[in-house]
Every structure is written in structure tokens, then in C-alpha cells.
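>>> Quick one: sequence and predicted model below, then my questions.
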Amino acid sequence: MELSHRLQSSADRKRIRDRRHQQAFRAKNARRIRWLEEQVASCERFHHSEGIQRILEMNHVLRAQNEALLAREAILKRIFKSWENENSRGIPSLSGRTDYSGSGGRGHISSSPTLNRMPTRIPASDILSTAPPLQPQIFWNMLPLHEACSYPESCHWFAYPNLIFSSADTPSPLDLLYGSRTNALADMICTSLRGEPFRDPERLALGWILYHFTKWYMSPSPAAYEKIPTFARPVLEQLHTIHPRVLDCVFVVPAMRLNLMRRWHQYHGRHQELIGLLSCCWRLRWPWGEPILERNAYNELCIRPSFYDTFMSEKGWGLTPEFIKRFPELLSGVDVHSIIYAIA
């Protein structure tokens, strides 16, 4: 072998070395490709597309909730700051550190060392009777706290945030009634409501509210929030209590929604029965056979203004006696006479 090596020229030896390097390089690349294929197969097995969509959605929701918490913190800081400013202008502190002299006139701070050392505390009963209650304000960027990775069949479209973002800001009423090939969100809502015993007025009205509620939830903004009826907007308890997402989409009067949240655990195994009966009994106060669509100046079918005003108002909805008899506890705190709707 030593003799054959001597007989080879330097160029031949270089070609042999290069060939060996190429073979080693190809073998190394083949090992890398096999490793990448194994990783891809593992990802496809344990992290399927639906799971990735849910993770992306949870990330979006957590970011939005974090922004909402920061907004609440800023509000509380402004409230505390206003109290500090009032105290600095001579308004008595509720902690009892500042006192007023009855003889010094209103707003005159006493300079008596004895009074400064032993302040006269304001009775708590007087404070409660004179101070107006502080009502927390709900803002457009405050999102409800729902259970993580909870996707009931009635609102499965939340699992597809990309489709929601790509859908139009305002749907066509025909898309909500009959489905769509261009508006994915309207099509999914239509498919879901089609499985419930709704008339066309309830299907269009609930679909419209669900559509705009979903668009606001996934991309909060003041304009999107304004498109949600007042009675369908989240109440304070929805912002602070973790609950199933489906209850955010039950657009009954707020008091009923709170009763559903508080008693939801009592209906374990009966949730489908409850939601199904509510779908049958929650009715829009709209005359039977009255048109809900009309043509605009461009000959396009759109929602009649009178129908829109009806379903956007809490007074435009009613509950039939069947649900009230079956679940009377869910009407606690609700004026039953104002909500009952007997179908002739």
C-alpha cells in the first residue's frame, strides 16, 4: 500500500481526500435530515394544528387580560391620587389624621396641639350615609375570565382566531341566515345556530350579536364594543369570576346570566338540557310573519331598522313560561312579569 501511495500523484491524493470529505458531509447531512423528520413527526403527533390554534388563542386572551388588568390598576391609581389631592386641599382624611376646629370656621384646620395629637374620628356610619357608593366602571378593554381551553360546541369558532381576524367587521344578514363561503365567522355561527330551534328572527338577531361580540372579544376596541347591545356586554362578575365561555354567549338579561354563572355547577350533566330549553324559550318580541329584511338604495338586502332596534334592546326579548316553570331559580332577582312572553 505504501508503494501504491507513492505512485499516486498529489492531485490524485487530493481527489481521494475530497471524495472522503464529501461522503462524510453527505452522511452528516443525512443524519440531520432524519433528525428533523423525527422532530416534525413528533410535532405533528403531539402539537396538531388545532392545538397550536388554541395555544395562539390563549396567548392572545392572556395578553388582552393583562392589558385589562393594567387598565384597572391605572384607574385605581387615579382614584387614590384624587383622594390624596382632596386631602391636601383640606378635606378631612378618613384615617383620622386631620381634624377641623368647630370654632375656626368651615375648612379651617385647627392648630391646637392637643387636637392634632388626639384627632376626632368621623363615625363610620356617618361616612357610609354621606359618601356616595363607588360604582366600578366597566371599560371596552375589560374581558371576561373564562375557563382555559374550554370550547363548548355552541361557540367552537373561538378556536380559530385567524379565521375570526380575517372575517369582515360587519356581516351580511344573508351570511348569518344561510351561511357563507367568504365569511368564515358568519358561516360557523350560522351552522351552530342552525342546530337550535330558532325562528329566522332569533337566528339573525342572535347571530348578529354573537358575531360582533366575538369580533370585540378577539380584538377589543371602543368601536367594536359599541356594536354590542348594552344588555349583552359583560357585567362586573364576568370580569372577575372564572366561568365557562358559553355563558358569555348567552345573551339573556344580565341578572339571569349571573344566576347561570353562580348555579352552573348545580346542573352537572344537564347543561345541554338547560341551554337547549333556553334556546326554545328565549324569544324576540317580533310579530309573526313580519319581514326582518329590506332592500337599501343599492338594492341590497339589509336588516330593517325597526327590527334592529328591537333586538338591540333588552325590552325586545322575552322568556316563555316553560323555562320559568322548569328553572325558576334562574329568575332570582328578575322581574318575571316584565320578561315573560306568552306565545298566542
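Here it is on my side, so go on.

>>> Quick check: can you list the domain ranges of this structure?
50-130, 153-339 (automatic domain parsing).

>>> weakest of those by average pLDDT?
Ranked by mean pLDDT, the domains of the chain bottom out at domain 50-130, with a mean of 51.

>>> Glu147: how many residues sit nearby?
A count of nearby residues for Glu147, using other Cβ atoms under 10 Å, gives 13. Any C-beta I mention is one placed from the backbone N, CA and C, and that applies to glycine too.

>>> show me the contacts for it.
By Cβ atoms under 8 Å, 6 or more residues apart in numbering, the contact set of Glu147 is Ile242, His243, Pro244, Arg245.

>>> what about burial for these, which qualify?
His243, Pro244, Arg245 (16 or more other Cβ atoms under 10 Å).

>>> From Pro144, how far out is the second one?
In this view, Pro244 and Pro144 are 10 Å apart by Cβ to Cβ, to the nearest Å.

>>> and the closest residue to Gln238 other than its chain neighbours, helix, strand or coil?
Beyond its immediate neighbours in the sequence, the residue positioned closest to Gln238 (Cβ to Cβ, 6 or more residues apart in numbering) is Pro144, lying 4.1 Å away. What DSSP: H, G, I helix; E, B strand; the rest coil gives for Pro144 is coil.

>>> what's the answer for Pro220, then?
Strictly by three-state DSSP, Pro220 counts as coil.

>>> Name the nearest residue to it, sequence neighbours excluded.
Pro220's closest residue in space is Asn141 (Cβ to Cβ, 6+ apart), at 4.9 Å.

>>> quick one: the one you found from Phe251, how far?
For Asn141 relative to Phe251 (Cβ to Cβ), the value is 20 Å.

>>> Between those two, tell me which one has more neighbours.
Shown here are Asn141 and Phe251; by other Cβ under 10 Å, Phe251 has more neighbours (21 against 17).

>>> Let me know whether the more buried one touches Arg233 as I believe.
No. Look at Phe251 against Arg233 with Cβ atoms under 8 Å: they stay out of range, at 9.6 Å.

>>> Quick one: residues contacting Ile242.
Leu145, His146, Glu147.

>>> Same list (those residues) but as CSV, adding distance to Cys281.
Supplementary listing: the contacts of Ile242 in CSV, determined by distance: Cβ to Cβ, whole Å:
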residue, distance to Cys281
Leu145, 28
His146, 24
Glu147, 26
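
>>> Which one of the residues you listed is nearest to Ser180?
The shortest approach to Ser180 among those belongs to His146, at 26.3 Å (Cβ to Cβ).

>>> where does the closest residue to the closest one other than its chain neighbours sit relative to Ile343, distance-wise?
Counting by Cβ to Cβ, 6+ apart, His146 lies nearest to Arg245, which is 3.9 Å off, once chain neighbours are set aside. The gap separating Arg245 from Ile343 is 30 Å, by Cβ to Cβ.

>>> And for Leu145?
With Cβ to Cβ as the criterion, Leu145 and Ile343 are 36 Å apart.

>>> Neighbour count: these two, which is higher?
The neighbour comparison of Leu145 against Ile343 (other Cβ under 10 Å) goes to Leu145, with 18 against 10.

>>> And for the more buried one, nearest residue in space, chain neighbours not counted?
Residue nearest to Leu145 in three dimensions, not counting chain neighbours: Ile242, with 4.8 Å by Cβ to Cβ, 6+ apart.

>>> so Ala186 touches Leu176, yeah?
Yes. Using Cβ under 8 Å, Ala186 is in contact with Leu176, at 5.4 Å.

>>> Between those two, which contacts overlap?
Shared contacts of Ala186 and Leu176, defined by Cβ under 8 Å, 6+ apart, comprise Gly207, Tyr211.

>>> Chain neighbours aside, what residue packs nearest to Asp274?
Not Asp; residue 274 is Leu. Using Cβ to Cβ, 6+ apart and skipping residues adjacent in sequence, the residue nearest Leu274 is Tyr267, 5.4 Å away.

>>> Arg31: how many residues sit nearby?
Neighbour number of Arg31 under other Cβ under 10 Å is 10.

>>> what packs against the host helix or strand of it?
Counting by DSSP states H and E, the element that carries Arg31 is helix 10-46. On a contact count with 3 or more Cβ pairs under 8 Å, 6 or more residues apart in numbering; DSSP states H and E, helix 10-46 meets no helix or strand.

>>> any idea of the mean pLDDT for that helix?
pLDDT averaged over helix 10-46 gives 75.

>>> what comes up buried for that helix?
Within helix 10-46, judged by 16+ other Cβ under 10 Å, no residue is buried.

>>> Tally up the residues packed near the closest residue in space to Ile339 that isn't next to it in sequence, please.
Nearest non-adjacent residue to Ile339, counting by Cβ to Cβ, 6+ apart: Leu319, 5.2 Å away. Residues lying near Leu319 (other Cβ under 10 Å) number 21.

>>> Same check on Pro287?
The burial count for Pro287: 8, using other Cβ under 10 Å.

>>> same check, this time on Ser192
That count, for Ser192 with other Cβ under 10 Å as the rule, works out to 19.

>>> Can you name the helix or strand that it falls in?
Using DSSP H and E, Ser192 falls in helix 184-194.

>>> Check which helices and strands that helix is in contact with.
With 3+ Cβ pairs under 8 Å, 6+ apart as the test, helix 184-194 has helix 161-166, helix 173-178, helix 200-218 packed against it.
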